[in-house]
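Engineer: Sequence and computational prediction follow.
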Amino acid sequence: MAYFLEEVFVSEVLEKPVLDAAGQEIGRVKDFIVSPAEIFPKVSSIVVKGRQGPVIIPWEQVAFFNKKFLSLNVPLKEIKADEVHETDILISRDILDKQIVDVSGAKVVRVNDLKLGNVRGYFGLLAADVGVRGLIRRLLGSRIKDHLGRIIHQRLPHQLIGWNYLAPLKPKVTRLTLSVPRRMLNKMHPADLAAVIGQMPVRDRIEFYGALDLAAAAEVLHELEPTVQVEVLTRIDPEQAVDILELMPPDEAADVLGDLPPPKAQKLMALMKREEAEEVKDLLAHTEDTAGGLMTTEFLTFSPDLTAEETIEVIRRQSAEVEAIYYVYVVDPVGRPSGVLSLRELIMAPPETRLSEIMNTRVKTVTPETDQMQVAALMSKYNLLAIPVVGRDQTMLGVITIDDIMDLLVPPASKTKHRRLK
């Protein structure tokens, strides 16, 4: 049985001399082969860089192992030549520098070093070092002087992810993921998930996005950068893409479709339900820097004869169909806004009070052609959380909400200008 240090980092032992039972140097440590059968992968062999090429040493032939050298319990003549197989998992080659999708912190971290040690009697992979400390150790190695080592030890905390928190290894691994239940992904904020996806290698994005349920996928899609949106919608199954688009608010679906190549966008719209497709098509017809390009067509309107209690009940029943409700818009029989009141005013009113008695008849509106910055100025001037968009006949076509204006004035990367289909 080999005697080894309780814990050691890979960067500390790579290139260290390997001695046979007679003390003769046969080469240098090049890598470690691990078996993924255990929660903490077991080191099964050591790859030694010898004078005649790589040599594979089974772990059973290791007698002693520390940060300075590795000695074997067999003489050189008993070491059999072998080679790395295609299905082998090598620590340095396959795991170092790989990315870990850290969904709990909504980021992607990189494996800077790896910690090895005793796992219930065997030598195994304990943790991934994803911190600056691991990076410095790996870059400088033995060149770290004593005083610098003390500074690093005192001021830089360990940033280790235990291997028991990582999904099982597979041959030819391209990235590592935390073994977080799928349901936890769906509970993360869409913007955080979009940030994770945006940092992933291209080949991994579709797999990760596919782990989301449809509702979460719909919320995340609009938060992605336009180029990533295009990539996702062109690679996933068209039927799945349509299901996601139909769950999105029409204005967000229009933004996403507006960035696709026109043939692809039209193909998806042809698969959508007729009502949803028509709403999106109407929104795509508006120039992106106008009120029509900002508005959503999901809104609620009410008759002036409804009581406050009846109105609250309608909102309770239908609010799931509307992205945001800031005001109660009262309309005449043909759909022209004749009054407005805030939700606070509605809740404070006696239950039997009719909307016509408490509504404000001075309703501020804009047209689809109104410049988006004029819309922002108008909402700022009158401290509005939303403003109706009306057509030439003064009927309501849509609503612009404060979050649309915030995206306009302080746009994240994913909310840059979108193309519109011609």
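Structural biologist: Sure thing, it's come through.
Engineer: So what's the residue count around Thr234?
Structural biologist: The number of residues packed near Thr234 is 13, by other CB atoms under 10 Å. (Each C-beta comes from the backbone N, C-alpha and C, glycine too.)
Engineer: so what pLDDT did the residue nearest to it when sequence neighbours are not counted get?
Structural biologist: Residue nearest to Thr234 in three dimensions, not counting chain neighbours: Lys264, with 6.1 Å by CB to CB, 6 or more residues apart in numbering. The predicted local distance difference test score for Lys264 is 92.
Engineer: gap between Lys264 and Lys49?
Structural biologist: 50 Å (CB to CB, to the nearest Å).
Engineer: Kindly report the same for Glu231.
Structural biologist: Distance from Glu231 to Lys49, counting by CB to CB: 40 Å.
Engineer: Would it be right to say that the residue nearest to Thr234 lies in a helix?
Structural biologist: Yes. The assignment for Lys264, made by DSSP: H, G, I helix; E, B strand; the rest coil, places it in a helix.
Engineer: For it, grab the count of nearby residues.
Structural biologist: Lys264 is flanked by 15 other residues according to other CB under 10 Å.
Engineer: now the one 4 residues further on
Structural biologist: Residue neighbour count, defined by other CB under 10 Å, stands at 23 for Leu268.
Engineer: quick check: mean pLDDT across whichever strand or helix holds Glu310?
Structural biologist: With elements delineated by DSSP states H and E, Glu310 resides in helix 308-318, which encompasses its position. Regarding helix 308-318, the rounded mean pLDDT is 94.
Engineer: same deal with stretch 136-152?
Structural biologist: Stretch 136-152 shows a mean pLDDT of 58.
Engineer: Any regions of this protein where pLDDT drops low?
Structural biologist: Within the chain, the ranges that satisfy pLDDT under 70 run 1-6, 81, 102-107, 141-158, 179-186, 201, 203, 411-422.
Engineer: in its sheet, what does the longest strand that it contains sit against?
Structural biologist: For the chain, the strand with the greatest residue count under DSSP state E is strand 25-35. Take DSSP bridges as the rule and strand 25-35 pairs in its sheet with strand 17-19 (antiparallel), strand 42-50 (antiparallel), strand 89-90 (antiparallel).
Engineer: ok so, going back, ok, so what distance separates the residue nearest to Thr234 from Asp282?
Structural biologist: Taking CB to CB as the criterion, Lys264 is separated from Asp282 by 20 Å.
Engineer: Can you give the domain ranges for this protein?
Structural biologist: When the chain is parsed with automatic domain parsing, its domains come out as 3-90, 93-177, 183-284, 301-415.
Engineer: Thr290: which of those domains is closest?
Structural biologist: The closest of the domains of the chain to Thr290 is domain 301-415. By CB to CB, the value is 5.6 Å.
Engineer: Excluding chain neighbours, what is closest to Phe64?
Structural biologist: Setting aside the residues directly before and after it, Phe64 is nearest to Ser71 in space (CB to CB, 6+ apart), at 4.5 Å.
Engineer: Show me where the stretch 201-350 of the chain has its strands.
Structural biologist: With DSSP state E, counting those that start in this stretch, the ranges of strands along the stretch 201-350 of the chain come out as 301-302, 327-331, 337-342.
Engineer: With respect to burial, which of these scores highest?
Structural biologist: Between the strands of the stretch 201-350 of the chain, the one whose residues have the most neighbours on average, counting mean count of other CB atoms under 10 Å, is strand 327-331 (a mean of 23).
Engineer: Now do it against helix 308-318, angle only.
Structural biologist: Calculated by axes from the mean of the first three to the mean of the last three CA atoms, to 10 degrees, strand 327-331 forms an angle of 110 degrees with helix 308-318.
Engineer: how about strand 327-331 as CSV, C-alpha atoms only?
Structural biologist: What follows is strand 327-331 as a C-alpha-only set of coordinates in CSV (Å, rounded to 0.1, in the frame of the first residue of the first chain):
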residue,chain,number,x,y,z
TYR,A,327,-53.0,50.9,-13.7
VAL,A,328,-56.7,50.2,-14.3
TYR,A,329,-57.6,51.6,-17.8
VAL,A,330,-61.3,52.4,-18.3
VAL,A,331,-62.5,52.3,-21.9
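Engineer: tally of neighbours for Ala291?
Structural biologist: Counted by other CB under 10 Å, the residues lying close to Ala291 total 27.
Engineer: That one touches Leu397, doesn't it?
Structural biologist: No. Because the distance of 9.2 Å does not satisfy CB atoms under 8 Å, Ala291 is recorded as not touching Leu397.
Engineer: circling back: what's the longest strand of the chain in contact with?
Structural biologist: For strand 25-35, the surrounding residues in contact (CB atoms under 8 Å, 6 or more residues apart in numbering) are 10, 13-20, 41-51, 54-56, 70, 72, 76, 79, 84, 88-93, 116, 124-125, 169.
Engineer: quick check, Asp97 in a strand?
Structural biologist: No. Assigned with three-state DSSP, Asp97 falls outside any strand and is coil.
Engineer: sorry, back to before: just put the strands of the stretch 201-350 of the chain in a markdown table and tack on distance to Gln99.
Structural biologist: Supplementary listing: those in a markdown table, determined by distance: least, CB to CB, whole Å:
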| stretch | distance to Gln99 |
| --- | --- |
| strand 301-302 | 49 |
| strand 327-331 | 45 |
| strand 337-342 | 47 |
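Engineer: quick one: which of the ones you listed is nearest Ala376?
Structural biologist: Among the strands of the stretch 201-350 of the chain, the nearest to Ala376 by CB to CB is strand 327-331 (17.5 Å).
Engineer: ok now that closest one, how far from the chain's centre?
Structural biologist: Relative to the chain's own centre, strand 327-331 is displaced by 37 Å; criterion: CA atoms, centre = their mean, to the nearest Å.
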